[in-house]
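> Build me a model:
(one chain, ligands or ions: 1)
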Amino acid sequence: MVKFITLEGIEGVGKTSNLLFIKELLELSGQECVVTREPGGTPLGEALRGLLLSHSDENMSADAELLMMFAARAEHLNKVIRPALNNNKTVLCDRFTEATYAYQGGGRQLDVNKISNLEQWVQGDLRPDLTIILDAPVEIGRARAGKRSEPDRIEKEQDDFFQRVREAYIDLANQHPYRICLIDASLELKDVQKQIQKKLIEYKILMVNC
Ligand code: T5A
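Numbers count the residues shown, from 1 in each chain. You can find the predicted model right below:
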């Protein structure tokens with residue numbers, strides 16, 4: 001049964017907007033949801049998020065960034081995600097380990113084995129049942145995200161960084177087609193949402209008439 005759903009994609013593709021849409025659909029169908037995000041989701045995780053996404057110009061090594069992502073994740077899994085799944089709730093998470101493969105693996109070009117070792121250590125066999133990657137060209141994500149506040153430490157990266165992130169996401173979808181799907185997020189919001197709803201029906205998370 002599909003209980004752990006994550007939403008992924010480069011900056012500004014519409015993860016937050018669509019997470020709320022999915023939550024409403026699930027609740028209308030009678031499923032109890034916990035909506036959360038990474039990095040974050042717990043007091044310690046949110047404090048780490050503040051450090052990771054700060055506006056400071058201090059250089060952070062890629063290894064420190066990777067380890068902080070997994071430190072926040074370990075806490076999140078122990079305090080929020082596993083307890084919710086054990087209570088038969090559906091967990092909807094804005095980013096998870098696929099973001100680490102995409103940003104620290106693709107973007108920062110860290111050795112993927114470091115990520116998979118940490119994934120195994122921190123998560124054991126737990127993987128999302130369904131990961132929806134909202135895919136759009138970098139310039140579209142940038143244009144949408146740019147309408148908001150000042151860029152954070154990661155948003156300040158150049159287009160080639162986000163191009164590698166996007167390519168890493170596409171590779172992940174190709175490697176794990178049974179649990180990771182790509183949605184064309186360059187379309188209007190209503191058309192993106194139609195694709196998501198179709199996917200939720202395909203995975204039997206929603207009934208056909210929802
Ligand atoms: N990170 C995270 C790592 O490096 N490694 C990790 O392991 C993890 C977990 C987290 C940062 O941390 C990094 C990745 C990130 O850099 P974040 O807040 O999760 O940061 O990520 P952001 O991508 O910065 O989130 P955003 O809020 O910027 O983007 P969203 O959520 O994708 O976009 P959203 O929904 O806020 O939409 C942006 C704008 O576009 C509009 C919306 O109305 C909004 O104005 N919009 C559309 N407009 C037109 N057409 C559509 N289809 C639209 N969809 C949304």
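> hey, let's count contacts and neighbours off CA atoms from now on
Will do.
> what does the helix or strand encompassing Thr16 contact?
Assessed by DSSP states H and E, Thr16 sits inside helix 15-28. By Cα atoms under 8 Å, 6 or more residues apart in numbering, the residues outside helix 15-28 that reach it are 7-9, 32-33, 35, 92-94, 134, 193, 197, 205-206, 210.
> same question, stretch 123-141
Counting by Cα under 8 Å, 6+ apart, 2-15, 74, 77, 159, 162-163, 166, 169, 173, 179-186 sit against stretch 123-141.
> Tabulate the CA atom coordinates of it in CSV.
What follows is stretch 123-141, C-alpha atoms only, in CSV (Å, rounded to 0.1, in the frame of the first residue of the first chain):
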residue,chain,number,x,y,z
GLN,A,123,17.0,4.7,6.4
GLY,A,124,17.7,0.9,6.3
ASP,A,125,15.2,-0.5,3.8
LEU,A,126,12.8,2.5,3.9
ARG,A,127,12.3,4.2,0.6
PRO,A,128,9.4,6.4,-0.6
ASP,A,129,6.6,4.3,-2.2
LEU,A,130,6.1,7.0,-4.8
THR,A,131,8.3,9.9,-5.7
ILE,A,132,6.9,12.5,-8.1
ILE,A,133,9.6,14.6,-9.8
LEU,A,134,8.3,17.8,-11.3
ASP,A,135,10.4,18.3,-14.3
ALA,A,136,10.9,21.6,-16.1
PRO,A,137,13.8,23.5,-17.8
VAL,A,138,16.0,25.4,-15.4
GLU,A,139,15.0,28.8,-16.8
ILE,A,140,11.3,28.1,-16.1
GLY,A,141,12.0,27.1,-12.5
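> how far is it from where the chain is centred?
5 Å (Cα atoms, centre = their mean, to the nearest Å).
> repeat for stretch 64-80
Centre-to-centre, stretch 64-80 and its host chain are 14 Å apart (Cα atoms, centre = their mean).
> what mean pLDDT would you report for the helix holding Thr16?
The pLDDT scores in helix 15-28 average 95.
> which of the residues in that helix are buried?
Going by neighbour count (16 or more other Cα atoms under 10 Å), the buried part of helix 15-28 is Lys15, Asn18, Leu19, Ile22, Lys23, Leu25, Leu26.
> Equivalent analysis for stretch 45-65, please.
Gly45, Glu46, Leu48, Arg49, Leu52, Glu65.
> Can you tell me which of the buried residues of helix 15-28 is closest to Ala145?
Distance to Ala145 across the buried residues of helix 15-28 (Cα to Cα) is lowest for Lys15, with 11.2 Å.
> What distance do you get for the residue nearest to the spatial centre of the chain to Asn87?
Computing the C-alpha centroid of the chain and ranking residues by Cα atoms, centre = their mean puts Arg95 first, at 1.7 Å. Counting by Cα to Cα, to the nearest Å, the gap from Arg95 to Asn87 is 21 Å.
> Ala143 now?
Separation of Ala143 from Asn87 (Cα to Cα) stands at 40 Å.
> pLDDT score for Ser149?
On the pLDDT scale, Ser149 is placed at 71.
> For this structure, which segments count as strands?
Per DSSP state E, the chain carries strands over the ranges 4-8, 33-37, 90-94, 130-135, 180-184.
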